[in-house]
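>>> Predicted structure and sequence below. I'll ask about it afterward.
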Amino acid sequence: MSENTEISATLVRTKFSPLPIFFILTFFISWGLALLFIYPLNFIYQLRSWDNFIGVLCNLFTGLQSFGPAIAAVLTICYSEGKEGLKKLGEKTSEC
């Protein structure tokens, strides 16, 4: 089976195209969490510190935003290609 046939068979299994899913997940992880939790609850955002539990959560949310595209890429690969896609990703990253 050729590589193009494998890719098209994988895309037929999925209901949505991977590219819009990637951009939607990237936006939600990077900005959606901030728009839903951090900015409306500004008083909580001001508590950012490592002294209390709320401050630790705020720091984790703001740190998670910077990894939004990477997390969205891994989730999109999981959705569109499954375990085989993650294996390919692991093989390609180990070559570098």
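Alright, I've got the coordinates.
>>> ok, how many other residues are close to residue 30?
17 (other Cβ atoms under 10 Å). C-betas here are computed from N, CA, C, even on glycine.
>>> Now do the helices in the chain.
With helices called from DSSP state H, the chain shows them at 3-13, 18-27, 33, 42-45, 53-66, 68-80, 83-95.
>>> I'd like those helices as a markdown table, with mean neighbour count and mean pLDDT appended.
Formatted as a markdown table, those follow (neighbours: other Cβ atoms under 10 Å; pLDDT from 0 to 100):
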| stretch | mean neighbour count | mean pLDDT |
| --- | --- | --- |
| helix 3-13 | 10 | 57 |
| helix 18-27 | 15 | 91 |
| helix 33 | 15 | 71 |
| helix 42-45 | 12 | 63 |
| helix 53-66 | 14 | 77 |
| helix 68-80 | 16 | 92 |
| helix 83-95 | 10 | 82 |
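>>> Which residues does stretch 86-94 contact?
74, 77, 78, 81 (Cβ atoms under 8 Å, 6 or more residues apart in numbering).
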